[in-house]
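1. I need the structure of the sequence given here:
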Amino acid sequence: MSKHFDVGKLGMLLDPERAEWTRPAELFAELEVGPGMQVADVGCGPGFFALPMAGLVGDEGRIFAIDDSPKMLEALAEGARARDLIGRIETREADAADTGLPDSSLDLVLCAFVYHEVDDREKLLAEFTRITRPGGKVAMVDWRQGVDSDLGPGNEERLTPQQMIDPMEAAGLAADELAFSPEYHVLIGRVPGEAAV
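-> Okay, here's the model as predicted:
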């Protein structure tokens, strides 16, 4: 059983001030999001990350926006229409650990501020590894334990580096942590193998 973000607080997820500490443009640069990429934003909420990424992947790319909340996906679709990005985003109502996406179909999976709510992290990471192509990336972003902050959940819900890394390595990912934020972890897991040319 996993916890869920309160849909009644949906507006908080789109607050422009959130960009000050999440620094999405810098994150996407680190993840090398670019034209033609196939990307899944798992636990996408109302599209805080999915919408700007859709601007980066271009008409040849696609963002698969996955959430188990119809209200979140409705808000995301509304935002995509307003920005004329509807052709670049495919919404899917699905569990994070059972996306329904094809094997080895993605260049990047982004899972931001969801991991701490998931009970079966091994199952989640196994799914992410399955849907990511050889040489592709799985990016896990979540709250850092031991940080005294007004942002995010209480310390008991935050994660240690090993709670982030161990399930990634168990899923066969080579995990590296970026020195990105004192508030949260940014871990990049690479799927073994070479990308098809």
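2. what helices or strands is the longest helix anywhere in the chain leaning on?
-> In the chain, with assignment by DSSP state H, the single longest helix is helix 70-82. Secondary-structure packing of helix 70-82 (3 or more Cβ pairs under 8 Å, 6 or more residues apart in numbering; DSSP states H and E): helix 50-57, strand 62-67, strand 89-93. Heads up, the C-betas are built off the backbone N, CA and C, glycines and all.
3. Report the distance from that helix to the chain centre.
-> For helix 70-82, the separation from the chain centroid amounts to 17 Å (computed by Cα atoms, centre = their mean, to the nearest Å).
4. Now that helix: buried residues?
-> 72-73, 75-77, 79-80 (16 or more other Cβ atoms under 10 Å).
5. Can you say which of the helices and strands packed on helix 70-82 is nearest to Val42?
-> Of all those, strand 62-67 sits nearest to Val42, with 4.8 Å by Cβ to Cβ.
6. relative to strand 89-93, how tilted is that closest one?
-> On the basis of axes from the mean of the first three to the mean of the last three Cα atoms, to 10 degrees, strand 62-67 is oriented at 30 degrees to strand 89-93.
7. Next up, phi/psi of Val191, please.
-> The phi/psi pair for Val191 (degrees, to the nearest 10) reads phi -80, psi 130.
8. so what's it up against?
-> Val191 is in contact with 129, 132-138, 172-173, counting by Cβ atoms under 8 Å, 6 or more residues apart in numbering.
9. ok, 6 Å please
-> 129, 132, 134, 136 (Cβ atoms under 6 Å, 6 or more residues apart in numbering).
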